[in-house]
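A.B. asks: okay, structure incoming, though there's no sequence with it:
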Ligand code: NDP
């Protein structure tokens with residue numbers, strides 16, 4: 001079985017930055033890309049707040065550059081997803097979805113977070129046939145069509161605004177009587193004539209013979225003026241937050257109730273010696289590419305120090 005000195009799981013800004021730092025320290029890290037090479041950022045278009053790119057940069061381009069930079073310093077990049085771990089004792093043991101397994105001395109967990117779904121069986125039924133959690137990935141298929149976005153945060157407003165540039169009509173389904181998004185994002189949505197916000201509305205299910213043709217929704221569920229009706233739509237986009245990808249580490253590392261990995265103070269150290277967590281998998285607060293990159297750097301420095309003690 002392959003033994004790796006420094007293993008990195010995840011290919012977002014945290015994983016690649018850790019790889020760049022560890023590579024420059026001569027540690028020849030191995031990085032597994034996971035399900036979504038380049039991470040969550042690749043589901044957006046333009047990144048305007050990553051320092052060093054005054055004109056903004058295409059998200060895929062940014063991640064390609066990070067990958068190249070990691071490879072330049074000797075990082076080996078592999079394509080598989082970790083499905084099981086045993087972190088009870090060193091060497092730590094990781095199993096992958098392609099049937100392979102490795103052991104390692106240090107591990108940097110940079111597996112990020114994934115979009116949440118409402119939990120309706122229809123979401124599964126129509127996934128890829130009208131249900132999506134990424135407007136920038138799938139919006140193209142809904143040009144001049146009618147779509148709905150669920151959520152009232154910044155992501156939902158951003159996705160609704162993006163879709164309004166393609167679709168003929170966008171419903172924003174918000175369960176509360178107000179939006180949670182920042183004022184500038186709210187203004188953008190409320191002033192867009194193509195977007196109609198449906199406050200105090202929940203989705204009960206989806207219907208359609210050939211993919212999504214509509215949603216069963218309810219206004220003011222449980223109130224005296226409750227009203228159930230069908231909303232004709234071609235696409236249903238979820239934008240209701242994210243879940244950290246920490247399940248396979250949970251028996252070994254501590255997490256909060258949502259699943260975010262708990263680390264010691266400001267450091268990326270988990271309770272397991274030589275196991276570090278970086279990026280969104282351990283960050284319920286900021287969830288920014290540049291913050292993830294910074295925590296990846298910290299994790300690599302900690303891993304290097306730990307390896308020096310072995
Ligand atoms: P948030 O947690 O901020 O918002 C989630 C939204 O989904 C809320 O409106 C919430 O409703 C709603 N929601 C959650 N569960 C359900 C459910 N089961 N049914 C219906 N609605 C539901 O997540 P975001 O992804 O929007 O944002 C995450 C973080 O990233 C935030 O800090 C945000 O500011 C930041 N961000 C910043 C951006 C930018 O600056 N350009 C872009 C995108 C995100 P409720 O309000 O009722 O809880």
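C.D. replies: All right, it came through fine. Just so it is clear, the model here is predicted, and its values are computed rather than measured. Residues are numbered from 1 along each chain as shown.
A.B. asks: give me the nearest residue to residue 113, chain neighbours excluded.
C.D. replies: Counting by Cβ to Cβ, 6 or more residues apart in numbering, residue 242 is the residue found nearest to residue 113 once chain neighbours are left out, at 3.9 Å. To be clear about C-beta, it is placed using only N, CA and C from the backbone, and glycine gets the same treatment.
A.B. asks: measure that neighbour to the ligand for me?
C.D. replies: Using Cβ to the nearest ligand atom, to the nearest Å, we find residue 242 at a distance of 6 Å from the ligand.
A.B. asks: now do the same for that residue: its pLDDT.
C.D. replies: On pLDDT, residue 242 comes in at 86.
A.B. asks: list phi and psi for the residue in the stretch 51-200 of the chain that the ligand sits nearest to.
C.D. replies: When you check the stretch 51-200 of the chain against the ligand by Cβ to the nearest ligand atom, the closest residue turns out to be residue 153, at 2.4 Å. The phi and psi torsions at residue 153 (degrees, to the nearest 10) take the values phi -90, psi -170.
A.B. asks: cool, and residue 215?
C.D. replies: Taking degrees, to the nearest 10 as the convention, residue 215 sits at phi -130, psi 140.
A.B. asks: before we move on, what about residue 94?
C.D. replies: For residue 94, the backbone dihedrals (degrees, to the nearest 10) come out as phi -130, psi 130.
A.B. asks: for it, give me its contacts.
C.D. replies: For residue 94, the contacting residues are 7, 9, 82, 84, 85, 101, 102, 103, 104, 107, taking Cβ atoms under 8 Å, 6 or more residues apart in numbering as the criterion.
A.B. asks: interface residues of this protein facing the ligand?
C.D. replies: Residues of the chain lying close to the ligand (Cβ under 6 Å from any ligand atom) are 118, 150-156, 158, 175-176, 180, 240-241, 287.
A.B. asks: between these, which sits nearest residue 1?
C.D. replies: Nearest to residue 1 among the residues of the chain next to the ligand: residue 287, at 35.1 Å, using Cβ to Cβ.
A.B. asks: for that closest one, grab the count of nearby residues.
C.D. replies: Other residues within reach of residue 287 by the criterion other Cβ atoms under 10 Å amount to 16.
A.B. asks: repeat for the one 4 residues further on
C.D. replies: When neighbours are defined as other Cβ under 10 Å, residue 291 has 17 of them.
A.B. asks: give me the element it is part of.
C.D. replies: Assigned by DSSP states H and E, residue 291 belongs to helix 289-308.
A.B. asks: flag every buried residue along that helix.
C.D. replies: The neighbour-count criterion (16 or more other Cβ atoms under 10 Å) identifies 289, 291-304, 306-307 as the buried residues of helix 289-308.
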